[in-house]
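K.L.:
Test case, fold it:
(chains A and B)
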Amino acid sequence: MQEISFRNDILPLKDKLFRLALRITLNRAEAEDIVQDTLIRVWNKRDEWHTLDSVEAYCLTVARNLAIDRSQKMEAQNVSFTSEAQEMPDNATPERELEEKEQWGLIHRLVNELPEKQRTVVQLRDIEGKSYKEIAEILATTEEQVKINLFRARQKIRKKYSEIDKYGL
Amino acid sequence: MDYKYIEQLLERYWNCETSIEEEQILRTFFRQKEIPAHLLRYQPLFAYQEKEHEVGLGNDFDERVLAKIGATTVKATRLTLKARLMPLFKAAAMLVMLFTIAGTMKYAISEKKGNEIIYVYDQFGRSAADPQVAYEADSVKSPLKEVAGPSPLTEGHKQ
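P.N.:
I've put the predicted structure just below:
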């Protein structure tokens, strides 16, 4: 197997890890912290790199577990991330305003309102373009489960679309 | 233009029957400017997927992580046999150089003194072309035998 270099193989995953962590925690600062923790953890396990099938999948798994942990802690501290998700379009940075204008804000909210598992699957499939097999590996589940979660997520988004059609935004 | 294919793809997308490539086709389709009215409403969804892919962290993040890890500047490299023996090669080269210099210096010094003795041996003075004679001279004529008189071996030969 090829030699794995932290700088060339693992550090470039930071954006992907950040997007996943952000999708789970819905908080940029938290997500950045999680990516940092993930990378440090992976670095400390450098002796095991050669035993891994995919370092990327491993990193994503670590990031997801950390993100879920943090989300639960945030919830325990009464900082509910679902409420934050709903607030999101309100704390309007210029970026967000633009999103609203382009209807992206609506999609953003729609995706972020999904349960964690569905949200993660949507993130990995629709945004990162990963195969069902890879997603199953990252989530430590079966391809069937991945498909079920994705199906539910897409159906919810579709339903929302038909509601918008009927009743408007 | 016929949008049947896209409509079909979209239907299959909702049912999770599309491949990664087909989903990419949808994203590419919705990226173009002219989209029929009945499909236009799905445009933000696919545009959102593409836009979210660009979200990321800045370069300063790399430095922070590398600083935390600290040891990353010490890159682990696998030593090849050649690289491992390199110091030995260098030492050997150094020795060869030292000997050359020392030899040259010694030669230069002794030449200056001019007291070297050249020993010349007359190796071929007593050589003979006839093998018989050569044999005689080498193996038989010894000073001792010359003093003691003719040896039985040479006597016999002369006869």
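K.L.:
Can you tell me the number of residues neighbouring residue B:44?
P.N.:
For residue B:44, the neighbour count with other C-beta atoms under 10 Å in any protein chain shown is 19. Quick note: C-beta positions are derived from backbone N, CA and C, even for glycine.
K.L.:
Nearest to the spatial middle of chain A, which residue is it?
P.N.:
Nearest residue to the geometric centre of chain A (C-alpha atoms, centre = their mean): residue A:20, 2.7 Å.
K.L.:
so what's that residue up against?
P.N.:
By C-beta atoms under 8 Å, 6 or more residues apart in numbering or on different chains, the contact list for residue A:20 reads A:60, A:63, A:64, A:67, A:120, A:123, A:124, A:128.
K.L.:
Among those, which ones lie close to chain B?
P.N.:
Filtering the contacts of residue A:20 for proximity to chain B (criterion: C-beta under 8 Å from any C-beta of the partner chain) leaves A:123, A:128.
K.L.:
what's the farthest-apart pair in the contacts of residue A:20?
P.N.:
Between any two of the contacts of residue A:20, the greatest separation by C-beta to C-beta is 14.8 Å, found for A:67 and A:128.
K.L.:
could you pull out the helices for chain B?
P.N.:
B:4-14, B:20-31, B:37-40, B:43-52, B:59-69, B:81-113, B:131-135, B:143-148, B:152-158 (DSSP state H).
K.L.:
Out of those helices, which is the most enclosed?
P.N.:
Mean neighbour count (mean count of other C-beta atoms under 10 Å in any protein chain shown) peaks for helix B:43-52 among the helices of chain B, with a mean of 19.
K.L.:
Run the angle between that helix and helix B:20-31 for me.
P.N.:
Counting by axes from the mean of the first three to the mean of the last three C-alpha atoms, to 10 degrees, helix B:43-52 lies at 110 degrees to helix B:20-31.
K.L.:
I would like the residues contacting the helix or strand harbouring residue A:160, please.
P.N.:
Assessed by DSSP states H and E, residue A:160 sits inside helix A:143-167. Around helix A:143-167, the neighbours that count as contacts under C-beta under 8 Å, 6+ apart are A:107, A:110-111, A:114, A:117-119, A:121-122, A:125, A:132-133, A:135-136, A:139, B:13-16, B:41-42, B:45.
K.L.:
cool, stretch B:14-33 as well?
P.N.:
Outside stretch B:14-33, the residues within contact range by C-beta under 8 Å, 6+ apart are A:125-126, A:129-131, A:147, A:150-151, A:154-155, A:158, B:6, B:9-10, B:12-13, B:35, B:39, B:42-43, B:45-47, B:49-50.
K.L.:
what's the answer for stretch A:123-139, then?
P.N.:
A:16, A:19-20, A:23, A:53-54, A:57, A:60-61, A:64, A:111, A:117, A:120-121, A:142-143, A:145-147, A:150, B:20, B:23-24, B:49, B:52-53.
K.L.:
Selection in ChimeraX covering whichever of those residues are buried, please.
P.N.:
In ChimeraX syntax, the buried subset of those is picked out as below (16 or more other C-beta atoms under 10 Å in any protein chain shown):
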select /A:16,19,20,23,57,60,61,64,111,117,120,121,145,146,147,150 /B:23,49,52,53
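K.L.:
For whatever residue of chain B ends up closest to chain A, which non-adjacent residue is closest in space?
P.N.:
Taking C-beta to the nearest C-beta as the measure, the point where chain B comes nearest chain A is residue B:56, at 3.3 Å. With sequence-adjacent residues excluded and distances taken as C-beta to C-beta, 6 or more residues apart in numbering or on different chains, residue B:56 is closest to residue A:15, at 3.3 Å.
K.L.:
Okay, and that neighbour sits in which element?
P.N.:
Element membership for residue A:15 (DSSP H and E) is helix A:14-25.
K.L.:
any idea of the angle that helix forms with helix B:59-69?
P.N.:
90 degrees.
K.L.:
How far does whichever helix or strand comes after helix A:14-25 sit from its chain's centre?
P.N.:
Using DSSP H and E, the helix or strand that follows helix A:14-25 in sequence is helix A:28-44. Relative to its chain's centre, helix A:28-44 lies at 14 Å (C-alpha atoms, centre = their mean, to the nearest Å).
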